[in-house]
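**Student:** Give the three-dimensional model of this entry:
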Amino acid sequence: MSTYRACWNAVAGVLMAVGLAFALAGLGPAEVVALALPLAGIAGLYAYLYAPEGGGGVGHITAWAVRVGLGAPAAVGLMAPLGPASLIPFAIFLCGAPPLVAWLRQRYGEPARSWVSRPSVAARISDHDLALAWQSSYVALQTTTDVATKARIVQMRTVLLDELERRSAPSWRTRRWVASPDQLYEARTRP
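**Tutor:** Residues are numbered from 1 along each chain as shown. The predicted structure is shown next:
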């Protein structure tokens, strides 16, 4: 995916440079700035309002403002000499954007288990921390009211439960320490 992302970004950069050159030549600098500034402001506002948890911030907002602020005049510059027929390849190019492709792959593509496996966070932590994570995720699930946050906690609990089952092979052990995770820690630390 990183090679695809690099190629897509390179093509997007070239198209943006060509489009901005056409826009500056056809519209003029004042019109390009008049188009870019309000759209950059709107994009920055949306990026602020809909920022992912923990992924927002000044860098995220600025990146979206620059993308839309420069992308809109570039799109106008590219469409001016090519006409309305340029909308079809332009739309196809935008549908191939790496974030959209990654989302489609995750949603409709091959199951996550067939992707290249990488040890999960749960597999890299100690037994004691795993037990504490299981307990704290239960408390977090009970105290949150946001549906999206609950869904993320449930996904994390699924990963934790899979790791807990992997570490204690017999299923009777799993049932026993799910009620009290300290039993897993104590059982694995006994000599």
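
**Student:** Distance from stretch 80-89 to the middle of the chain?
**Tutor:** Distance, stretch centre to chain centre, for stretch 80-89: 31 Å (Cα atoms, centre = their mean, to the nearest Å).

**Student:** Hmm, I typed the wrong one, I wanted stretch 153-170.
**Tutor:** 23 Å.

**Student:** quick one: low-confidence parts of the chain?
**Tutor:** By pLDDT under 70, the low-scoring segments of the chain are 1, 53-56, 109-123, 168-191.

**Student:** got the contact list for stretch 38-53?
**Tutor:** 56-57, 60-70, 72, 149 (Cβ atoms under 8 Å, 6 or more residues apart in numbering). Glycine gets a C-beta too; all of them are placed from N, C-alpha and C.

**Student:** Hmm, I typed the wrong one, I wanted stretch 18-28.
**Tutor:** 32, 35, 70, 73, 74, 75, 76, 77, 78, 80, 81.

**Student:** Roughly how far does residue 31 sit from residue 73?
**Tutor:** Separation of residue 31 from residue 73 (Cβ to Cβ, to the nearest Å): 8 Å.

**Student:** Could you do residue 30 as well?
**Tutor:** 12 Å.

**Student:** Next: residue 38.
**Tutor:** For residue 38, the distance to residue 73 - Cβ to Cβ - is 11 Å.

**Student:** neighbour-wise, which of these two wins?
**Tutor:** residue 73 (24 against 12; other Cβ atoms under 10 Å).

**Student:** For residue 79, give me its contacts.
**Tutor:** 86, 87, 90.

**Student:** domains of this protein?
**Tutor:** 2-114, 122-189 (automatic domain parsing).

**Student:** In terms of helices and strands, where is residue 154?
**Tutor:** helix 147-167 (DSSP states H and E).

**Student:** Mind giving me the packing neighbours of that helix?
**Tutor:** Applying 3 or more Cβ pairs under 8 Å, 6 or more residues apart in numbering; DSSP states H and E, one finds that helix 147-167 makes contact with helix 127-143, helix 171-179, helix 182-189.

**Student:** List the buried residues in that helix.
**Tutor:** 153, 156, 157, 160, 163, 164, 167 (16 or more other Cβ atoms under 10 Å).

**Student:** From those, pick the one nearest residue 125.
**Tutor:** residue 163 (8.4 Å; Cβ to Cβ).

**Student:** wait, isn't the closest one in contact with residue 127?
**Tutor:** No: assessed by Cβ atoms under 8 Å, residue 163 is found out of contact with residue 127, at 9.9 Å.

**Student:** any idea which residue sits dead centre in this structure?
**Tutor:** residue 99 (7.1 Å; Cα atoms, centre = their mean).

**Student:** Fine, thanks again, bye for now.
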